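*Asks:* this one's sequence-less:
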C-alpha cells in the first residue's frame, strides 16, 4: 500500500496560502476525493512524488510534455538559454524562429502572436474577431473549455464541470454571458438554427475540433464542415482552439485531419515544450488588425519570452511523422488493452483516442457531447483512479479530462498499465 503522508502534509500547508491549496483547481483532486500528489521530479514517462513513490505518467503536465519529462535536448537548450538571461522585454530572433517552425507545420497561421498561456491566446483571438468583424456575439459549444476568461466560461467543461453548474460562472457579468451563444457539441441542426436567427450578429465561432476538456470527444467531419460553411456565408470567423489538439491529435493539428482551414487558430501546451506559452494566429489580413499594425490592442510583458521560445523550438525540432507513428501505435495498444480489460470484467466503458490523446468513460456510450459525458459513473471513476495510483499509474484526476502519450512511453509501460487496469477491475466492483 503506497503512503502519501508527505503529500498530505504538504497539501495541508499549501491550503493556508492558496485557495484550495492549489494554483489550478483540478489539481486539488476534488473530482476524485483525497489529497493531491506533490511531485518532486519527472524523468521520461515517469514522475516521482515527495513520498518517493514512482508512477507512469499520462498527465504529462496536462499535455505539453510530448517528449516526456526532462528531455535531454530540451533541458540542455534551456540551460544555455537561462545563462543568457531570462527575459529582455525586447524582440529576439527566437520568436521569429519559433514562428517559422509553427507556420511550416500548421500553414494556416500566416501570421501569429506569442502569448503566455492558452487562456490568453483564446481571449485575444476572440477580441480580434470582434474587432475585425465589428460584431459582438460569439458562439461556443457546451463542454468546450477555452480558458478562464469571462465570456468563454459559459457552458465550459473540464474543471468548471467539476466545481460548478456549467451554465453558471460567478463573477462573469450577465452582459458578457448574453453575448456568448451556446450550442451542444456536434449538434449540426442546432448550429444551423442559431445562424438562421443570429448570423449577421456573430463575430466568430470558437470550437475545439477535438474536444479535450470533457474527455476526448472528436468533432464529426460533418459538424466541423458545417461550421466552416456557416461562418463563411455569414461573414463570421471560425476559430479552432487547438491549445490541446495542436501537435497532439496529429503532427499538423486537428485541422489537418479534417482538411479544414480555420480563420484563426490558438495553440499552447506542446508549442512551449513545458514552459508557459500560447499562440494565436491565422490569416494575414485578420492578424494585421492587431496593434501596432491595426486598432485591436494586444500586449504582454512576457510574450515571446526567450525561455519559452527556446523550449518550443527545442521540442518542435524533435517532432516528425515517424515519432508520431510510434506514439500513436503505443496509444492504440493501450486503449485496446483497456477496452479488453473492461470487457473481461463486464464493466461498461467507452474509450476514445485521437493521435496521442486518450480518455476513458465509465459509460456504455456513445459519448458524443457533454450531455453524454455526464451519464458516466463518476463515483466508480474516483475509486478506479485511486486504485490506479496504488498500482503506480498516474492518470488525469477527473472524468472530464484527457490523458496523453509521450515519445518516452515504452512497450513495458503500456504492458504495466494494462496489467494495472486489470488489477483494479479485479478489486473494484461497479455499483
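*Replies:* Done, it's in. Because the structure is a prediction, the values reported are computed rather than measured.

*Asks:* When you work out contacts or count neighbours from here on, use the C-alpha atoms and nothing else.
*Replies:* OK.

*Asks:* can I see the domain layout of this protein?
*Replies:* 1-38, 77-316, 320-350+360-380 (automatic domain parsing).

*Asks:* looking at those domains, which is buried most?
*Replies:* Most buried of the domains of the chain, by mean neighbour count (mean count of other CA atoms under 10 Å): domain 77-316, with a mean of 21.

*Asks:* Just the endpoints, please. Distance across that domain?
*Replies:* Terminal residues of domain 77-316 are spaced 13 Å apart (CA to CA, to the nearest Å).

*Asks:* go on, stretch 44-53?
*Replies:* End-to-end distance for stretch 44-53, by CA to CA: 15 Å.

*Asks:* buried sites along that stretch?
*Replies:* By 16 or more other CA atoms under 10 Å, the buried positions in stretch 44-53 come out as 44-51, 53.

*Asks:* Can you name the residues in contact with stretch 402-416?
*Replies:* Contact partners of stretch 402-416, identified using CA atoms under 8 Å, 6 or more residues apart in numbering, comprise 44-45, 56, 58-60, 62-63, 65-68, 212-216, 323, 326-327, 330-331, 333-334, 356-359, 395-396.

*Asks:* Let's test this: mean pLDDT of it, rounded?
*Replies:* Taken as a whole, stretch 402-416 has a mean pLDDT of 98.

*Asks:* That one: how far from the chain's middle?
*Replies:* Centroid displacement of stretch 402-416 relative to its chain, using CA atoms, centre = their mean, to the nearest Å, is 18 Å.

*Asks:* For the domains of the chain, could you give me CSV that also reports mean pLDDT and distance to residue 389?
*Replies:* Conversion of these to CSV gives the following (pLDDT from 0 to 100; distance: least, CA to CA, whole Å):
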stretch, mean pLDDT, distance to residue 389
domain 1-38, 95, 8
domain 77-316, 92, 19
domain 320-350+360-380, 97, 14
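
*Asks:* Residue 419: which of those domains is closest?
*Replies:* domain 320-350+360-380 (8.6 Å; CA to CA).

*Asks:* Quote the end-to-end distance of stretch 179-199.
*Replies:* Across stretch 179-199, the terminal residues are separated by 13 Å (CA to CA).

*Asks:* Contacts for that stretch next, please.
*Replies:* Stretch 179-199 is contacted by residues 136-144, 151-152, 154-155, 202, 219-220, 222-223, 226-227, 230, 234, 236, 368-370 when judged by CA under 8 Å, 6+ apart.

*Asks:* from those, which ones fall inside helices?
*Replies:* Applying DSSP state H to those, the entries found in helices are 222-223, 226-227, 230, 234, 370.

*Asks:* and which of those is nearest residue 274?
*Replies:* Distances from residue 274 to those, taken as CA to CA, are shortest for residue 370 (28.5 Å).

*Asks:* what's the spacing between that closest one and residue 149?
*Replies:* Residue 370 is 20 Å from residue 149, by CA to CA.

*Asks:* now do residue 37
*Replies:* Look at residue 37 and residue 149: by CA to CA, they are 27 Å apart.

*Asks:* just residue 404 next, same as before
*Replies:* Taking CA to CA, one finds residue 404 at 25 Å from residue 149.

*Asks:* what do you get for residue 299?
*Replies:* Computed with CA to CA, the distance linking residue 299 and residue 149 is 16 Å.

*Asks:* And for residue 409?
*Replies:* In this view, residue 409 and residue 149 are 34 Å apart by CA to CA.

*Asks:* Please list all residues in contact with the spatially most central residue of the chain.
*Replies:* In the chain, the residue lying closest to the centroid (CA atoms, centre = their mean) is residue 244, at 3.2 Å. By CA under 8 Å, 6+ apart, residue 244 lies in contact with 63, 212, 267-270.
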